[in-house]
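> No sequence on hand, only this structure:
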């Protein structure tokens, strides 16, 4: 029976790598009849965001990754916020000090920098020089009286440390090459290393699943477990998720795209953009110079202002892009893992039931967006009409779409006309023309020039269509289709030459729902008004 935990730091949104870790925590626990805990590792006060824990929990709930114990589900081993467990960590740090396996130190930033430079000049890795005699409490008080920051470091052993890892096998580390690391910071908070080791023991964690980037922390954790006499959990360090651009998936990818758009924009006022992003002009300049990265809400706000489409990194990005939670769960479960089944479109329960921890892959895994879209198309098809309607209405709320005001019967017609759509966002974008006033329609300039203005043929076709539609005695999808096909046959042209000018007039673009259904849902009077508006607007 596996007892797992997902332990995010509340520094921002839940990203795709964290979601994959949380998913495998759930899968492993449920496959073995165990428990899955959620723990918030909020010991880094300088980076914590007060809104992040709720956002992370909301994202997990949206994915269907529901924890057995943790915030909102208190159990016997809480509290589950590390900032509420400081008294516990203080006790265990004192144990290490009493055993001579940790010591105080109070080097200044300048002294530490000088040590690092000396190591670099000697072409050696920096190893903190452990004192032969550890500072006493009197030394500590004296240092504090001089205004020095006091921290506690853990004594790394000198023998080899072997980490048994489900994904990577045996990984050997030379402990002599690992510096004594800080376990208590000068602000009185423990570091991630100490709090993680203590909590995993006290919470009964048997399996630790995390990203490959944490592998280098593990020998220190194993050494600390031995010092305390704790059991070492089973480790599984998951492979790195690589973007289609070749780098590790991170919010820095979004920063690159936004930065390029800002530099490309003509006549852009930095003051205005900084105001939109709720940052200072100095912070914006630092971002453009590559010295810093704004928070996700700032990145999103500036991108929306510039109408830049950012690559999805965080779960909320995928929500806004119209992906289903079932799709993401299915897709990320196959990143660095091969399910022992003869199909790829899987439910969460199928993944849990068939889970085999020996099928993790060591090599980096590619985040293939085309494959994700294909998965989403299939999962949309698997939903019943009522299920799809419910998911679509939830999506419309997230993006605050004007389609929110529509009744269920119209939304069902929209969804039916959107059969084969890859995302819910695609459905929304193609149908928004139905839910905005004619004067709010934004015309795609390229489509206008290509379809309406080139040789004047498009505008002439609109005039003819307006005349014929006005004279129709019965307005149905069938009568509209017969009319358009009849004109195409009469003029001996393709149907597109008839339909595309009409699309641009009523939708603003050539990309929309099927034209016959579009006119029927919009209504003939509204359709004709939009045609008249387009003719008047572009005839001059």
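Cool, got the structure. This one's a predicted model, so the numbers in the text were calculated from it and none came from an experiment. Residues are numbered from 1 along each chain as shown.

> Pull out the buried positions in the helix or strand residue 222 falls within.
Using DSSP states H and E, residue 222 falls within helix 218-228. By 16 or more other CB atoms under 10 Å, the buried positions in helix 218-228 come out as 218, 219, 220, 221, 222, 223, 224, 225, 227, 228. (Glycine included, C-beta is placed from N, CA and C.)

> Could you do stretch 500-513 as well?
For stretch 500-513, by 16+ other CB under 10 Å, it's 500-510, 512-513.

> Contacts only, for the residue nearest the centre of the chain.
Geometric centre of the chain, nearest residue: residue 314, 1.2 Å, by CA atoms, centre = their mean. The neighbourhood of residue 314, defined by CB atoms under 8 Å, 6 or more residues apart in numbering, consists of 12, 13, 14, 15, 16, 59, 251, 296.

> Could you single out the nearest of the residues you listed to residue 214?
Proximity of those to residue 214 (CB to CB) peaks at residue 15, which lies at 14.7 Å.

> returning to that earlier point: and the contacts of the helix holding residue 222?
92, 95-96, 99, 101, 154, 156-157, 161, 163, 165, 171, 173, 175, 178, 181, 183, 193-194, 196-198, 201, 230-232, 235, 237.

> Whichever of these end up buried, select them in ChimeraX.
To isolate the buried subset of the contacts of helix 218-228 in ChimeraX, counting by 16+ other CB under 10 Å, use the following:
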select :92,96,101,154,156,161,163,165,171,173,178,181,183,193,194,196,197,198,201,230,232,235,237
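
> From the contacts of helix 218-228, which land in strands?
154, 161, 163, 165, 171, 173, 183, 235, 237 (DSSP state E).

> any idea how far the second one lies from residue 480?
Residue 161 sits 74 Å away from residue 480, taking CB to CB, to the nearest Å as the criterion.

> same deal with the fifth one?
The spacing between residue 171 and residue 480, counted by CB to CB, is 67 Å.

> can I get the buried residues of helix 218-228 in a markdown table with pLDDT?
Formatted as a markdown table, these follow (pLDDT from 0 to 100):
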| residue | pLDDT |
| --- | --- |
| 218 | 97 |
| 219 | 97 |
| 220 | 97 |
| 221 | 98 |
| 222 | 98 |
| 223 | 98 |
| 224 | 98 |
| 225 | 98 |
| 227 | 98 |
| 228 | 98 |
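
> State the pair within the buried residues of stretch 500-513 that is farthest apart.
501 and 513, at 16.4 Å, using CB to CB across those.

> This structure: strands as residue ranges?
Counting by DSSP E, the strands of the chain are 3-6, 35-38, 102-105, 151-154, 160-165, 169-174, 182-184, 207-211, 234-238, 241-242, 365-366.

> Can you tell me what sits against the second one?
This means strand 35-38. 3-7, 25-26, 29-30, 57, 60, 67-71, 73, 75, 77, 80, 203, 205.

> Counting neighbours, what do you get for residue 147?
7 (other CB atoms under 10 Å).

> Excluding residues flanking it in the chain, which one is nearest residue 324?
Nearest-residue entry for residue 324: residue 379, 5.0 Å, with adjacent residues in sequence omitted and distances by CB to CB, 6 or more residues apart in numbering.

> Now do the contacts for residue 330.
344, 345, 346, 347, 348, 351, 375, 379.

> Now restrict the residues you listed to buried residues only.
If we count by 16+ other CB under 10 Å, those have these buried: 345, 346, 348, 351, 375, 379.

> Skipping its backbone neighbours, what lies nearest the second one in space?
Put plainly, it is residue 346. Excluding the flanking residues, the one nearest residue 346 by CB to CB, 6+ apart is residue 330, at 5.2 Å.

> how much space is there between the one you found and residue 293?
31 Å.

> Residue 213 now?
With distances taken as CB to CB, residue 213 is found 17 Å from residue 293.
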